[in-house]
Each structure stands twice: as C-alpha cells, then as structure tokens.
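Asks: Whatever this is, show me its structure:
(2 chains)
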There are 2 protein chains.
Amino acid sequence: MGYCYLNGRFLSEEESRISCLDRGFLYGDGLFETLPAYRGVPFLLDRHFRRLEKSCEALRLIPPNEKELKDIVRKLLEMNGIECGYIRVTLTRGKHLGDLSLTVPDSPTILVVAREYAGYPERYYLDGIRVGMSNIRRNPDSPLSRLKTLNYLESLMARSEATEREAEEVLLLNTKGKVAEASTANIFWACGDKVYTPSEECGVLPGIVRGWVLEKAGERGLETEVGEFPLSHLEKAEEIFLTNSLMGIMPVRQFRGRDLTAECPGPITRMLMEIYNKELSSLGR
Amino acid sequence: MGYCYLNGRFLSEEESRISCLDRGFLYGDGLFETLPAYRGVPFLLDRHFRRLEKSCEALRLIPPNEKELKDIVRKLLEMNGIECGYIRVTLTRGKHLGDLSLTVPDSPTILVVAREYAGYPERYYLDGIRVGMSNIRRNPDSPLSRLKTLNYLESLMARSEATEREAEEVLLLNTKGKVAEASTANIFWACGDKVYTPSEECGVLPGIVRGWVLEKAGERGLETEVGEFPLSHLEKAEEIFLTNSLMGIMPVRQFRGRDLTAECPGPITRMLMEIYNKELSSLGR
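Replies: Sure thing, here's the model as predicted:
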C-alpha cells in the first residue's frame, strides 16, 4: 500500500487513522468521489470537483479548496507512482460534537486515496455483461438518492444480488416502479438513433460519465431523452450500456436472463466507447 | 472524555482511532445500537443484543459474543463512572480489502462508547413536543429502512427539517404515502382505548422501545394495531407519542402546527410513561 492524504498530511495508508468519533464513521455523514487516472493524470477531475462542491451545499459541508485538492491528487499519483489507477476523495463533517444537527463543521475530515487499479476485465467490454433485477428500489423521495454520500450500503446490498442472478450487475427500479439505475452505475439504452436514460428525479445519482455521455451523444447528433421510463421501455432496447467513473462505458449483452437480440456492443455503444477511450488514452500525452 | 472499547482494548476516547480504510467509514457498512444506562446499569440490553444479532444476519456480519459484549458494556460504565448515560455499540465489516462484496469479515471492527447523558429536557415530557412533516419519505422497498445501519444521514437530514418547522421532531411518510416514523423515533397514537403504530413493512425501524410499548400495552389490556395507516388516521388521534431508546416515551402536544385537542400527555401515554420510568428507575437497586 502506498501513501494517502489525510487532513493536511501525506501518510502511509497502513498508518492513516481517523477518530472513531468521526461523523463519517458514526452516521455516514459525508461524501465521496471516485475517479480514474491514466498515465498518472486524473480523468474528468473538474467535473468531479463540481459535483462535490454542489453536494457539499446540500449537506452543509465546506468543499476543499479546488487548487489544493487538485495538487494533492496529482502529488499522490506521483508519490505512489500510479500509471493506471483510481483516486477516492472522502469528505466528512469531522468529529462528532454530541449534537446530531448538520452544522457547518470547524474541522471536516478529508481523505484522498490513490491506488493502482487494472479496471474491469477486458472481456466485459468485448462481450458485454449480464444485468439482472434487484429486489431493492431507489427512493426518489430522499435527497440521498441524488448525492454520492458515505451511505453506500444499499448499493452494496443490491450489488450482492447480482451473483444470485448469475449476472455482473443488477438494475434497480425506483419506488414508483420506473427504471432508476444499476447498483453502482447509471443505465442507458438505445432504440433506433435515440439514447435514453432516467432523469435525476427518478432517484438516480447524477453520474459524471452519465453527464459526459449525454454531452458527447448530443455533439455527435444523437437524440437523447432524459426522463421517467417504465421497465417495458427498457425491455424494447436494441442496446443497453452502463456507466460509472471506474467502468467507463460498459456494454450489456444480457438483461433479465435474456440475450439482447442485436449485436453487443451495438453501434451506438461502440461509438461512445471509442470516444471515451480516446479521451482517456490521450491523458498525459 | 472517558474510555471506550475498540477491538479488544479499553482506550481513551480521545486516542481511539480506526483505519481510514474501515468499511464503516468508506461505505457505512455496519450497524449500531444505542441504549440508556441508569445507576450504571444498561436498560433493555438483551433486546438490543437480539436486534443486533438479527441485523448481523441480514448484512452477513458476525455478532459479537453476547457475554463478552455485556461484560464490556458493564466494565465501561464502571470505568467511566456513569450513573445516568448512554451506550453506543458500533459494529462494522472492518478493513476494506478492495472487494465491494458483503463477505463475512475476518476482522470486524467493534467500538463501544459509554458517556454521561442527561437526557431530553424535562419540560418535553411534561408538556409534550411539537412534530412537523418531513419532505423526505422512508423507503419500504429497501432493507435498510428496517436495519439500524451506519447509513444514518437521511435521518439526520430529516431531523434538521424540524427546526424549520418550529418543531422538535418531524414525521416521515413512506413512499406509498403511509405513516412511517419520526426522523429518529417510532410513532404511536391512540384513539379511544386503542393504540396504533406502523408495521415494519411500512419501512420503519423495529425500535426497542416500540417493541417494549407493544408488549406492555398488551399486558395492560390495551388493544394495539400494527399496520399500514394513512395520514388521515393519525390526524384523528387523541394522543400521539414517540419512542426511541434515548427519549423513552415522548408525548406530542402539537402535530403539523395544530395542538392536539385533548390533554397532553394523555392518559394512555401517561400510563405507559409511568411503567417505563418505573422499570428504568428500578435498575441498579
């Protein structure tokens, strides 16, 4: 294990400790961001910082200084000699002072971890993954569904259902029965030349790669629709793919135990994967 | 600050640290229990242990040894010289090993904290508190709504709405629009001789005092109904009270900005408060 950054100091990960009274630990009272790095350069860091900043507002947390955080990330990647890896930034309200209220903290806790990471297996991108259905539903009536908080256990529980479904991921509907997202990824699908994804109002995380895909699809002249969709709409899809910051764009070959009829990855998924990989592999050049 | 117990050792709270790679910190992957102590004796510890044990099963965590945990709790109360206080037991999956799955941990983290605690203001029990409505809704379609996990931020966010409503607590409906619970307490109400509370299926925590109240009410010949209720049912209540392990039984005098028409605490609430206080104050005699 390499170095991490914790509250102003670079320490070995092994040694780094937080107070057991940290509100991140006691209540999940904090946020995190995860992003990949390639050739030692973080990918889409600006966008991650913007989301962190926005989420801080919702939770009454103070975001770290932008320049300082970026310097820390770059320094950690260098110290740990990371070529291909990931970064996780964790921000909490700091030490619990006996009061449950969400007051602006005097001393927030900030932890930055950077590690080598080989990524998802290559064959997933070549052949696509299988997605089953989760029994858990996302809650659009909770602000937490739209924030990347330390309350991540529901996602982990949903994720653990994938194995039982003989799948790599699961889809969660929301409590209204509409399509929401995968346990740790956003979902997109294509019919004809149009690309669909659930809106934030469905109770989904505004994923960074999700935002990136919507932008790139628009630039390439693809029509996109962000809204509320029944499961039957998704079931008519010719292509399905998932996105998150560590998987990038992941083609889906099987949904609810049935193979998609068209080729996988389909032409739209392939095009977006190519643009994504091109941007990623241009880093550090 | 006094001593706490962390992974086999009694340490000063100030010094006690956990790895910043603990899954409790990174993902809220853990459980907790909070209970009061009176004259140095923990209240309803057996029931808390049973719930912890049951929740461990749902999360694939190993519960601590019952006798050991009880000894730790008693020893901490003694070491810290606590007469009237609270205990918090926190259990997590331990250090993150790079895999998101909910595997049974080799080295779970266990933290026990015991502190002096004066309790809620006396006047709350004499006059009752005010309860407003939360904008957040509980999710009966998530297993988390029925487990006391470290994913507690939604409750804290709901709780922070109370101040805006000029109230001490807020009521959350569930995503189906039925009555669920307060931000950090269960809700009960009475009409005639009957006592009502939402069922677990509504997406509420099976509170320890909630279970205790249902038992005692039954023993006293009060009819109880545990089920799914619309808000209109609660609005016809003659008495309302909240329960949690630290507040015990809390009368409500005002709901949604309107005073309850009958006296507060009403006769049923008062009777249950008396039994509760009698049990609590018999501890350590």
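
Asks: Specify the residue ranges that define each domain of chain A.
Replies: Domain assignment of chain A by automatic domain parsing yields the ranges A:3-116, A:122-281.

Asks: can I get these in a markdown table with mean neighbour count, mean pLDDT and distance to chain B?
Replies: Using the backbone N, CA and C atoms, a C-beta is placed for each residue, glycine as well. Listed next are these as a markdown table, based on neighbours: other C-beta atoms under 10 Å in any protein chain shown; pLDDT from 0 to 100; distance: least, C-beta to the nearest C-beta, whole Å:
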| stretch | mean neighbour count | mean pLDDT | distance to chain B |
| --- | --- | --- | --- |
| domain A:3-116 | 19 | 95 | 3 |
| domain A:122-281 | 19 | 97 | 4 |
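
Asks: any chance of those domains in TSV, with distance to B:E166 too?
Replies: Putting the domains of chain A into TSV (distance: least, C-beta to C-beta, whole Å) gives the following:
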stretch	distance to B:E166
domain A:3-116	15
domain A:122-281	21
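
Asks: B:R253 is nearest to which of those?
Replies: Within the domains of chain A, the stretch nearest B:R253 is domain A:3-116; the backing value is 21.8 Å (C-beta to C-beta).

Asks: and the closest one, how far apart are its ends?
Replies: End-to-end distance for domain A:3-116, by C-alpha to C-alpha, to the nearest Å: 12 Å.

Asks: Report all helices and strands that the helix or strand that contains A:E225 contacts.
Replies: For A:E225, the host element (DSSP states H and E) is strand A:223-227. With contacts taken as 3 or more C-beta pairs under 8 Å, 6 or more residues apart in numbering or on different chains; DSSP states H and E, strand A:223-227 sits against strand A:194-198, helix A:208-219.

Asks: ok and that strand relative to strand A:194-198, angle-wise?
Replies: 20 degrees (axes from the mean of the first three to the mean of the last three C-alpha atoms, to 10 degrees).

Asks: so which of the helices and strands packed on strand A:223-227 comes closest to A:R165?
Replies: Among those, strand A:194-198 sits nearest to A:R165 (C-beta to C-beta), with 20.3 Å.

Asks: can you map out the strands along the stretch 1-150 of chain A?
Replies: Remark: strands assigned in the stretch 1-150 of chain A by DSSP state E, counting those that start in this stretch are A:3-6, A:9-12, A:17-19, A:30-38, A:41-42, A:84-92, A:109-116, A:129-133.

Asks: Out of those strands, which gets nearest to B:E169?
Replies: strand A:30-38 (24.0 Å).

Asks: sorry, back to before: okay, now the sheet partners of the strand holding A:E225, with direction.
Replies: Its sheet considered, strand A:223-227 pairs with strand A:194-198 (parallel) by DSSP bridges.

Asks: Measure how far the strand it pairs with is from the centre of its chain, please.
Replies: 18 Å (C-alpha atoms, centre = their mean, to the nearest Å).

Asks: Keeping just the C-alphas, turn it into CSV.
Replies: C-alpha atoms of strand A:194-198 as CSV (Å, rounded to 0.1, in the frame of the first residue of the first chain):
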residue,chain,number,x,y,z
LYS,A,194,-32.1,7.7,-29.8
VAL,A,195,-30.4,7.3,-26.4
TYR,A,196,-32.4,7.1,-23.2
THR,A,197,-31.5,7.4,-19.5
PRO,A,198,-33.6,8.1,-16.4
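
Asks: what is the orientation angle of that strand with helix A:208-219?
Replies: 150 degrees.

Asks: Chain neighbours aside, what residue packs nearest to A:G207?
Replies: What sits nearest to A:G207 in space, not counting adjacent residues and going by C-beta to C-beta, 6 or more residues apart in numbering or on different chains, is A:N186, at 4.3 Å.

Asks: Quickly list what the one you found is bridged to.
Replies: Taking DSSP bridges as the rule, A:N186 bridges to A:T243.

Asks: if I pick the residue nearest the centre of chain A, what's in contact with it?
Replies: What sits nearest the mean C-alpha location of chain A, by C-alpha atoms, centre = their mean, is A:N244, with 4.3 Å. Residues in contact with A:N244 (C-beta atoms under 8 Å, 6 or more residues apart in numbering or on different chains) are A:T184, A:A185, A:N186, A:G207, A:V209.

Asks: Out of all residues in chain A, which is the farthest from the middle?
Replies: Quick read of chain A (C-alpha atoms, centre = their mean): farthest out is A:G98, 32.0 Å.

Asks: now what about stretch A:61-68, what contacts it?
Replies: A:30-31, A:49, A:52-53, A:55-56, A:89, A:91-93, A:104-105, A:108, A:110.

Asks: How about stretch A:6-20?
Replies: A:1-5, A:24-25, A:75-76, A:79, A:95, A:107, A:109-113, B:4, B:6, B:13, B:16-21, B:25, B:90, B:111, B:113.

Asks: picking up where we left off before, and which of the contacts of stretch A:61-68 is nearest to B:K194?
Replies: A:R93 (42.1 Å).

Asks: who does the host helix or strand of A:E154 touch, helix- and strand-wise?
Replies: Taking DSSP H and E as the definition, A:E154 sits inside helix A:153-164. Where contact means 3+ C-beta pairs under 8 Å, 6+ apart, helix A:153-164 is packed against strand A:129-133, strand A:169-173.

Asks: Recalculate using a threshold of 10 Å.
Replies: strand A:129-133, strand A:169-173, strand A:179-182, helix B:23-27, helix B:45-59 (3 or more C-beta pairs under 10 Å, 6 or more residues apart in numbering or on different chains; DSSP states H and E).

Asks: TSV for the ones you listed, including distance to B:E238?
Replies: Formatted as TSV, those follow (distance: least, C-beta to C-beta, whole Å):
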stretch	distance to B:E238
strand A:129-133	45
strand A:169-173	39
strand A:179-182	41
helix B:23-27	43
helix B:45-59	29
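
Asks: measure A:M1 to chain B for me?
Replies: 9 Å (C-beta to the nearest C-beta, to the nearest Å).

Asks: what number of residues lie near that residue?
Replies: 12 (other C-beta atoms under 10 Å in any protein chain shown).

Asks: Next up, the contacts around it.
Replies: Neighbouring residues of A:M1 by C-beta atoms under 10 Å, 6 or more residues apart in numbering or on different chains: A:S12, A:E13, A:E14, A:E15, A:S16, A:N80, A:V113, A:R115, B:L21.

Asks: A:F229 is nearest to which of the strands of the stretch 1-150 of chain A?
Replies: Short answer: strand A:129-133, nearest of the strands of the stretch 1-150 of chain A by C-beta to C-beta, at 14.9 Å.

Asks: Now do the closest one and helix A:153-164, the angle between them.
Replies: 110 degrees.

Asks: May I have the strands that pair with strand A:129-133, each with its orientation?
Replies: strand A:169-173 (parallel), strand A:248-255 (parallel).

Asks: Of those, which is nearest B:E219?
Replies: strand A:169-173 (42.1 Å).

Asks: Enumerate every residue touching the residue lying closest to A:E225 once chain neighbours are set aside.
Replies: Closest residue to A:E225 apart from its sequence neighbours, by C-beta to C-beta, 6+ apart: A:Y196 at 5.1 Å. Residues counted as contacts of A:Y196 (C-beta under 10 Å, 6+ apart) are A:179, A:187-190, A:223-227, A:229, A:233-234, A:237, A:240.

Asks: again, but for A:L222
Replies: By C-beta under 10 Å, 6+ apart, the neighbours of A:L222 are A:A190, A:D193, A:K194, A:V195, A:V213, A:L214, A:K216, A:I268, A:M271, A:L272.

Asks: Could you do A:T269 as well?
Replies: A:125, A:128, A:188-190, A:195, A:238-241, A:249-252, A:263.

Asks: Let me have the contacts of A:L222 in JSON lines, adding distance to B:R285 as columns.
Replies: Shown next, in JSON lines, are the contacts of A:L222 (distance: C-beta to C-beta, whole Å):
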{"residue": "A:A190", "distance to B:R285": "72"}
{"residue": "A:D193", "distance to B:R285": "78"}
{"residue": "A:K194", "distance to B:R285": "73"}
{"residue": "A:V195", "distance to B:R285": "70"}
{"residue": "A:V213", "distance to B:R285": "67"}
{"residue": "A:L214", "distance to B:R285": "67"}
{"residue": "A:K216", "distance to B:R285": "72"}
{"residue": "A:I268", "distance to B:R285": "74"}
{"residue": "A:M271", "distance to B:R285": "76"}
{"residue": "A:L272", "distance to B:R285": "71"}
